[in-house]
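Undergrad: let's see this in three dimensions:
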Amino acid sequence: MNISFDLDGVLYPFTKVCYDYLQIHHGIKEDYDTFWKKTWRSYSELHRENIVGIRSLYEKVPINPTVKSRLDYLATYNQIFYITSRSKDLKFVTEKWIKRYSLPYPENVVFNGSKLPAVIENNIDVHVDDQLKYLEELEGYCERILIAHPWNEAGQGILRTYNTVLEYLDELCVETYNYDRSDFLYDSYRERGLL
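TA: Got it, this is the predicted structure:
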């Protein structure tokens, strides 16, 4: 099976990193949900592009180690792709982050405004994203998984929705590949420094 993941809002917490940056450097006072539902949308396209273009925001946080372990496990049975709408100007920093954290299939990174051509070209069976506009265009081409965020409430309950990518990965590993649930407990303890 070919499974593709968006990066920002799915594997990389860009919106959290961006929100933290804007609180510190721009004095944002709203809570996270209000900011992404209302304030962000009120910014001009140029202002949003300038913020999204800050390269350092894309490498501040490592991948969640449990998400990484699930991706590694899935990669033993599937081909993994990373289909992102990030600008090609961010190609270097994106590939650097993927290699730094040894994500499986680092050669399968696709930068594209629309996700549909990459899904068709790579015979993607499942695509995981946080943006409704990309998932809507994939209807009929692959299974679509939505990761819930404040900005995509309209699609929650309509599309197959998970609160986090880890929630989806856990279900996929256990239900489809009989991943041992005791490994989840081990990962949880390890993350909290109890092992």
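
Undergrad: got the domain ranges for the chain?
TA: Per the record, the chain has its domains at 2-12+61-191, 14-58, by automatic domain parsing.

Undergrad: Asp20 and Val128, how far apart?
TA: Per Cβ to Cβ, to the nearest Å, Asp20 is found 24 Å from Val128. In short, each C-beta sits where N, CA and C put it, glycine included.

Undergrad: scratch that, Gln156 is what I was asking about
TA: Taken as Cβ to Cβ, the span from Gln156 to Val128 is 14 Å.

Undergrad: try Ser56
TA: 25 Å.

Undergrad: which residue of the two possesses the greater neighbour count?
TA: Val128 (23 against 9; other Cβ atoms under 10 Å).

Undergrad: what about the helices in this protein?
TA: Secondary structure of the chain, counting by DSSP state H: helices at 14-26, 32-34, 40-42, 45-52, 65-75, 91-100, 116-121, 132-137, 165-177, 181-191.

Undergrad: elements contacting the first one?
TA: I take that to be helix 14-26. Helix 14-26 is packed against helix 32-34, helix 45-52, with contacts defined by 3 or more Cβ pairs under 8 Å, 6 or more residues apart in numbering; DSSP states H and E.

Undergrad: would JSON lines of those helices with distance to Lys96 and mean neighbour count be doable?
TA: Compiled in JSON lines, the helices and strands packed on helix 14-26 are given as follows (distance: least, Cβ to Cβ, whole Å; neighbours: other Cβ atoms under 10 Å):
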{"stretch": "helix 32-34", "distance to Lys96": "27", "mean neighbour count": "13"}
{"stretch": "helix 45-52", "distance to Lys96": "18", "mean neighbour count": "12"}
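
Undergrad: redo those as a markdown table? Include distance to Asp72.
TA: Below are the helices and strands packed on helix 14-26 laid out as a markdown table (distance: least, Cβ to Cβ, whole Å):
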| stretch | distance to Asp72 |
| --- | --- |
| helix 32-34 | 30 |
| helix 45-52 | 29 |
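
Undergrad: worst-scoring helix or strand of the chain, pLDDT-wise?
TA: helix 181-191 (a mean of 57; mean pLDDT, DSSP states H and E).

Undergrad: for the chain, which spans come out with low pLDDT?
TA: 177-195 (pLDDT under 70).

Undergrad: contacts only, for the residue lying closest to Ser4 once chain neighbours are set aside.
TA: Among residues not flanking Ser4 along the chain, Phe81 sits closest, at 3.9 Å (Cβ to Cβ, 6 or more residues apart in numbering). Going by Cβ atoms under 8 Å, 6 or more residues apart in numbering, Phe81 touches Asn2, Ile3, Ser4, Phe5, Tyr105, Asn108, Val109, Val110, Ala118, Asn122, Ile124.

Undergrad: and Phe81, how far from Leu74?
TA: 12 Å.

Undergrad: shared neighbours of those two, anything?
TA: With Cβ under 8 Å, 6+ apart as the test, Phe81 and Leu74 both reach Ile3.
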